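In: Provide a 3D model corresponding to the input given below.
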Amino acid sequence: MITSHADPTLREDTSVTIQTPGALSKLESKSQVTIGETFTYTIKVPETPVGVGLYDVKVVDDFTATGADLVISATATLQSGSQSWTSLSYGFDAAVGDYVLQDTAGGGIDIPPGDQAIITVTAILDNTPNNNTALTPFINHAYYTYNKVNGVTTTGVGGTGYPAPLLWSSLT
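Out: Model prediction:
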């Protein structure tokens, strides 16, 4: 309710809607891979576009928790196609304490209101003794952090996305 300071009897009811982004989505291209095979994940941040901007987005997607030995690369574009990031990296971020996909040149990925980042993560299952003996499916999850105001650290955490289990086959 808004009340006039000049005349407290003048009031107006006002609804306020606070928009927050939801979870990311994470979809894999295959449910089973063989050593040496390439597979991809598509991560959308946020899963459904919202009317607010997300700044300095970092996607935490820790493949090390899977126990698999992987070679990983990533690319990202905006759904609108208006921007892509050439300095996207995947590596350990000491501030987050985990492996992160981020735009290293700009401090993170900036997503305008009504848009979403579409990130394609490509991985290759390495031919290592570990991968030749591990036949347990792995499930990793991802989440993202963002700033609510550009250039101001007011970190929010977007929801978690879980892909289906990924099973790998050893070479025989």
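In: now do the SS call for I18.
Out: coil (DSSP: H, G, I helix; E, B strand; the rest coil).
In: would you mind measuring from it to E12?
Out: Relative to E12, I18 is positioned 19 Å away (CB to CB, to the nearest Å). Placement of C-beta: from N, CA and C, glycine included.
In: and those two? which has more neighbours close in?
Out: Remark: of I18 and E12, E12 carries more neighbours, 8 against 5, as counted by other CB atoms under 10 Å.
In: so which bits of stretch 50-63 are buried?
Out: 50, 52-63 (16 or more other CB atoms under 10 Å).
In: take those and keep only those in strands.
Out: L54, Y55, D56, V57, K58, V59, V60, D61 (DSSP state E).
In: does L54 touch L24 like I think?
Out: No. Contact criterion CB atoms under 8 Å: L54 and L24 do not qualify, at 10.7 Å.
In: any regions of this structure where pLDDT drops low?
Out: Low-confidence segments of the chain (pLDDT under 70): 1-5, 62-66, 74-78, 80-82, 84-88, 90-99, 104, 106, 134-139, 154-172.
In: so which residues of it form helices?
Out: 129-133 (DSSP state H).
In: which stretches of it form strands?
Out: For the chain, the strands defined by DSSP E cover 2-3, 11-12, 25-28, 32-34, 38-45, 54-61, 70-78, 88-93, 98-103, 109-111, 117-125, 142-149, 152-161, 167-169.
In: just to revisit the earlier point, and the two most separated of the buried residues of stretch 50-63?
Out: Pairwise distances across the buried residues of stretch 50-63 peak at 29.6 Å for V52 and F63 (criterion: CB to CB).
In: picking that back up, among the buried residues of stretch 50-63, which one lies nearest to K44?
Out: Of all the buried residues of stretch 50-63, V59 has the smallest distance to K44: 10.3 Å, by CB to CB.
In: gap between that closest one and D7?
Out: 51 Å.
In: do the same with G107
Out: Taken as CB to CB, the span from G107 to D7 is 47 Å.
In: want to try a markdown table for the ones in strands among the buried residues of stretch 50-63, with distance to V45 as columns?
Out: What follows is these, written out as a markdown table (distance: CB to CB, whole Å):
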| residue | distance to V45 |
| --- | --- |
| L54 | 7 |
| Y55 | 12 |
| D56 | 12 |
| V57 | 6 |
| K58 | 10 |
| V59 | 6 |
| V60 | 11 |
| D61 | 11 |
